[in-house]
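Colleague: Here is my input; please provide its structure:
(one chain, ligands or ions: 1)
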Amino acid sequence: MAPPAPAGAHPTSAEPLSRSIFRKFLLMLCSLLTSLYVFYCLAERCQTLSGPVVGRSGGGKEAGAPGRGVPAGGPGEPAAWPAAARRKRLLQVQPWPRRRPPAPLEDGEVAAWEEEPPGLAGSPGGSGAGSSVAETPPGTLALLLDEGSKQLPQAIIIGVKKGGTRALLEFLRVHPDVRAVGAEPHFFDRSYDKGLA
Ligand SMILES: Nc1ncnc2c1ncn2[C@@H]1O[C@H](COP(=O)(O)OS(=O)(=O)O)[C@@H](OP(=O)(O)O)[C@H]1O
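Modeller: Purely as a prediction, here's the structure:
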């Protein structure tokens, strides 16, 4: 019968083998956890840098298509994303408040309306809202809008006659993010009594 090994004696062969396996297992576990953490961080990063959404209405009609509301270099170009985000705010839908407009201005004239409807395609000042104005009889603000959409213009040009309002309208129309009406609606001086409906 063998006496028990004294303290500090050389361990048996089975003991270092189990320790070696345990160390390898720990090493593999640490590597696995590190890999999972890195993968998680990369997934979060990719989710944050996902492509911008342009517009809210119109489905995928203009999303990814060249033109209004899409970065010039394509939807996947990171350098153009900040500009696209700003444009997205410009193209967001503005709610249509159900209330009467303020009192008409004295000695004032509504010269033109500027609007930026969401998801509108086409050239600025072209056949969009401008053609609606030309075809719809005056008296309602609906004539400023495309069919099926209701929204107030985001900007209104107000000025006296011969005050240069037409020139201002034409200058603004040049901007690609401005959709201007084709004709002056004269809402406050001609159609105010009919309301917004
Ligand atoms: N920047 C600038 N400087 C000087 N004059 C200018 C400017 N922009 C427009 N105009 C003149 O303004 C006149 C047109 O004004 P409106 O567009 O307000 O006319 S309207 O009342 O809407 O029909 C029109 O004048 P008339 O040609 O005498 O009618 C324009 O020539």
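Colleague: Near the ligand, which residues of the protein are found?
Modeller: When proximity is defined as C-beta under 6 Å from any ligand atom, the chain approaches the ligand at 111, 159, 161-167. For glycine as for every other residue, the C-beta is placed from the backbone atoms N, C-alpha and C.
Colleague: got a pLDDT number for residue 133?
Modeller: At residue 133 the predicted local confidence, pLDDT, stands at 38.
Colleague: ah, wrong one, I meant residue 183
Modeller: 81.
Colleague: Same check on residue 39?
Modeller: For residue 39, the predicted pLDDT is 82.
Colleague: what's the helix or strand for it?
Modeller: For residue 39, the host element (DSSP states H and E) is helix 14-48.
Colleague: Remind me what that helix packs against, helices and strands.
Modeller: With contacts taken as 3 or more C-beta pairs under 8 Å, 6 or more residues apart in numbering; DSSP states H and E, helix 14-48 sits against no other helix or strand.
Colleague: Give the buried residues for it.
Modeller: For helix 14-48, burial by neighbour count (16 or more other C-beta atoms under 10 Å) applies to no residue.
Colleague: name the element residue 156 belongs to?
Modeller: strand 155-158.
Colleague: mind listing what's buried in the following helix or strand past that strand?
Modeller: Sequence-wise, the next helix or strand downstream of strand 155-158 (DSSP H and E) is helix 165-173. Neighbour counts over helix 165-173 (16+ other C-beta under 10 Å) mark 165, 169, 172-173 as buried.
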